[in-house]
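> model this:
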Amino acid sequence: VLGAFCVNVLHVGPNTHNCSPQSMEVLWVQWFGVVPHYRWGFPECCLPKIGFVHDSPTAFRFLDPLLVIRACHLIPAFTDHRMDHLLRHGPSLVRLPGEVDVWASFYVNIFTDRDMFCHFAGIGVG
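Sure, this is the predicted structure:
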């Protein structure tokens, strides 16, 4: 999540029921993708690994906060080093001021709490 916003929107579609501005909460997110050909899970003794998707119109989107089920904890995959070729050069909200690169991939920490562990272990609801 790059930001959380409360915006005033005006619906102007053909099914408009209310012509006055409405308050709407949105999250601005950057999507990650699963690292191809990476095997993870309990038999492999490896955490799930995700990384950046190529800079495209769908890499950054707005999302309804009600669609978020839970947060997660991402751990930089230090052995994959840092990269600068998947994001545009120049100022970015993804990078801290002065940074020119980002971590290439991240591990999803499945041990953040009991519910998260049970979800990935397939032994509980979640």
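
> where do the helices of the protein begin and end?
When secondary structure is read from DSSP state H, the chain shows helices at 114-121.

> low-confidence bits of it, can you list those?
Within the chain, the set of residues satisfying pLDDT under 70 comprises 54-56, 83-101, 125-126.

> in its sheet, what does the longest strand seen in it sit against?
Counting residues, the longest strand found in the chain (DSSP state E) is strand 22-30. Applying DSSP bridges, strand 22-30 is found paired with strand 3-9 (antiparallel), strand 60-63 (antiparallel).

> not counting sequence-adjacent ones, nearest residue to C118?
Nearest residue to C118 in three dimensions, chain neighbours excluded: G124, at 2.9 Å (C-beta to C-beta, 6 or more residues apart in numbering). C-betas here are computed from N, CA, C, even on glycine.

> from R114, how far off is the one you found?
Shown here: G124 relative to R114, a distance of 8 Å by C-beta to C-beta, to the nearest Å.

> circling back: isn't the residue nearest to C118 up against D115?
Yes: using C-beta atoms under 8 Å as the test, G124 is close enough to D115 to be in contact (6.8 Å).

> follow-up on the earlier one: flag every buried residue along the longest strand of the chain.
By 16 or more other C-beta atoms under 10 Å, the buried positions in strand 22-30 come out as V26, L27, V29.

> now that strand - C-alpha only, CSV.
Provided in CSV are the C-alpha atoms of strand 22-30 (Å, rounded to 0.1, in the frame of the first residue of the first chain):
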residue,chain,number,x,y,z
GLN,A,22,-19.7,11.4,-2.6
SER,A,23,-16.9,10.7,-0.2
MET,A,24,-15.0,7.5,-1.0
GLU,A,25,-12.0,5.9,0.7
VAL,A,26,-9.4,4.2,-1.6
LEU,A,27,-6.0,2.6,-1.2
TRP,A,28,-3.3,3.2,-3.8
VAL,A,29,-1.4,-0.1,-4.2
GLN,A,30,1.4,-1.6,-6.1
